[in-house]
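K.L.:
Any chance you can model this:
(chains A and B)
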Amino acid sequence: MTIELIAGAIKAILMIVLGLNLSLFLLYFERKGSALIQDRIGSNRVTVTGIGQRMGLPNLGIINTTIADPIKMFTKEDFVPAGADKFLHTLAPFLALFPVMITFVIIPFGDTISIAGHRIGLEAANLNAGALYLLATIGLGVYGIALAGWSSNNRWALLGGIRATAQMISYELAMGLAIVSVIMTFGTLNLQEIVRGQGGVWFGFLPRWGIFIQPLAFILLLVAGAAESKRIPFDLPESESELIQGYFTEYSGGKQAVFMLTDFAEQALVAMLITTFFLGGWQVPWLMRDGFHLPGGAFFAIPALAVSILGIVAFLVKVLALCIFLGMVRWTLPRFRYDQLMRLGWKGLVPLGLLNVLVTALVVVAKVGAH
Amino acid sequence: MPPFLYIFLGALAIVSALGVIVQRNPVHCLLALIGTLMAVAILFIGENAIVVGFLQIIVYAGAIMVLFLFVIWLLNLQVETGSTGQLALKLFGSIAAALLVTELFFILAPPHLQVKFTHEPAGYGSIASLASTMFTSYLIAFEVTSILLLAAVVGSVALARRLPGTDDPLAARRVES
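P.N.:
Numbering: from 1, shown residues only, chains lettered A, B, ... in the order given. Here you go, the predicted model:
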């Protein structure tokens, strides 16, 4: 009992720390990766006493973006505009961050691991209603943004807040439909069971990942997820050229940093969700409980502990790759116009999602009938 | 659910419910209402009514309250001053409160008046049991409700539709009548 409790606490903290670290990586990629994509140099000012530079190493901007910038932001003046609702203005950033942070705990990051005779599942919360929990927490993310826009007593901020609310509600629908078709395919709402259902191979070589069964739902979740995390090309709530900075125009210092953190954490969360639903979560291709079963019949035995660790590494690699992909999309595409955004959501993604659910239902019923 | 959590969530629900009626700023009232809904939803989940709890968060706290927020913004409701509410509302409110107190009396009253509670079997209220009930015993009711909701959606779209060439959302209705 006690070891399960301790393990649960450690896993929950681990997941939140992982989410924060991925956000930090995304912050770094936002600064230096965008510079790479746009053929700029990017941040390269801060060094630790210049040791590396005297040895002729290039400044990769790691200290600059991950240490110096956050310190700068959190030590700046925390300004509340006149006429603003002071209570809600302070509450809003945390109301935005909280739902994202508590969603990380249901993501399975590995199979099971045996420690001192106890089998511990590598997910912080193994909920049977995992997908429902996910939809509930994602639905709550709207309030922080909407209230930030309203409480600032600023027209640009209010417009940004309204845009964000309308956009997030619209794309939640497409996201929910994509998740529903995955749930129907695997017959469970438990995320760990969905990942387990993606083990094994077809035709001797193709991993049974969700992306090969539900390619349309994968695209739907990718697009809707990018829209949920309000990144370019879906960053209309904060479009600088029209709304200054959108819903967080009137935020400065630490509270603005919390809003930026929310955006990055949402991006990391979307990457984790896509990995869980479509890229096999912690599944390594051709790796079973006992070792690698390569296509063609070759077999390499691997100890159980190494299999568990390989699973965690595979999960992290997939999530990082998706984070980088989302970042590259962000620095490649131009921003949508608002009517294009709404048309894509309501006339493109939602009907496609409904069609996908219908086709999935027919296939599931046909399969049940065949047995 | 451990008793301390039950008491904490119950107290939270009551305090936020008081906040809904005591505060004067409509947005603060709305936030308090969301707090009440969340606390009650977590109570539901703790008592194994998992679907009801999560649906309360997804539908009420996550969607309908956003609609309320939009209505408050669109009507530009200001902080209220002075006494509020009509006499009829106060009357109905008092009757509802009296009914609730009566119900509470029958639950907490002396043993011979007490309502008998039955313990539901394990798994009651889970997604699987709800789904199998909904799609077997209550299938027709479920389908009729879905058609009713679809009719409401189509009706609201038809009412808000704009005729090509006009900016007046009411023009469509005027032409048809």
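K.L.:
tally of neighbours for residue A:197?
P.N.:
20 (other Cβ atoms under 10 Å in any protein chain shown). C-beta: built from backbone N, CA, C; applies to glycine.
K.L.:
gap between the residue nearest to it when sequence neighbours are not counted and chain B?
P.N.:
Nearest residue to residue A:197, sequence neighbours excluded (Cβ to Cβ, 6 or more residues apart in numbering or on different chains): residue A:186, at 4.2 Å. In this structure, residue A:186 and chain B are 14 Å apart, going by Cβ to the nearest Cβ, to the nearest Å.
K.L.:
how about low-confidence regions in the chain?
P.N.:
I'll assume chain A. Within chain A, the set of residues satisfying pLDDT under 70 comprises A:1, A:116.
K.L.:
sorry, should have said chain B
P.N.:
Along chain B, the model assigns pLDDT under 70 to residues B:80-85, B:110-120, B:122-123, B:162-177.
K.L.:
What segments of it are strands?
P.N.:
Listed in chain order, the strands of chain B (DSSP state E) amount to none at all.
K.L.:
ok, residue A:266 - contacts?
P.N.:
Remark: with contacts taken as Cβ atoms under 8 Å, 6 or more residues apart in numbering or on different chains, residue A:266 is in contact with A:100, A:141, A:228-230.
K.L.:
before we move on, what about residue A:272?
P.N.:
Taking Cβ under 8 Å, 6+ apart as the definition of contact, the neighbours of residue A:272 are A:104, A:107, A:319.
K.L.:
can you tell me which of the residues you listed are in strands?
P.N.:
With strands taken from DSSP E, there is no overlap with those.
K.L.:
tally of neighbours for residue A:207?
P.N.:
Here the count is done by other Cβ under 10 Å, and residue A:207 has 18 residues near it.
K.L.:
For residue A:109, see how far away the closest residue to chain A within chain B is.
P.N.:
In chain B, the residue found nearest to chain A is residue B:62; the distance is 2.8 Å by Cβ to the nearest Cβ. Residue B:62 sits at a distance of 26 Å from residue A:109 (criterion: Cβ to Cβ, to the nearest Å).
K.L.:
Can you give me the neighbour number for residue 86?
P.N.:
All of this is about chain A. When neighbours are defined as other Cβ under 10 Å, residue A:86 has 11 of them.
K.L.:
wrong one, chain B
P.N.:
Considering only other Cβ under 10 Å, residue B:86 is surrounded by 8 other residues.
K.L.:
what's the answer for residue A:45, then?
P.N.:
Taking other Cβ under 10 Å as the neighbour definition, residue A:45 ends up with a count of 9.
K.L.:
Could you check which helix or strand contains the residue in the stretch 101-250 of chain A that chain B sits nearest to?
P.N.:
Chain B sits closest to residue A:139 of the stretch 101-250 of chain A, with a gap of 2.8 Å, by Cβ to the nearest Cβ. Using DSSP states H and E, residue A:139 falls within helix A:130-151.
K.L.:
What are the buried residues along stretch A:26-36?
P.N.:
Residues A:26-33, A:35 are the ones in stretch A:26-36 that count as buried (16 or more other Cβ atoms under 10 Å in any protein chain shown).
K.L.:
how much distance is there from that stretch to the middle of the chain?
P.N.:
Put simply, stretch A:26-36 sits 17 Å off its chain's centre (Cα atoms, centre = their mean, to the nearest Å).
K.L.:
residues making contact with it?
P.N.:
A:40-43, A:60-62, A:64-66, A:69, A:260, A:264, A:267-268, A:323-324, A:327-328, A:330-331.
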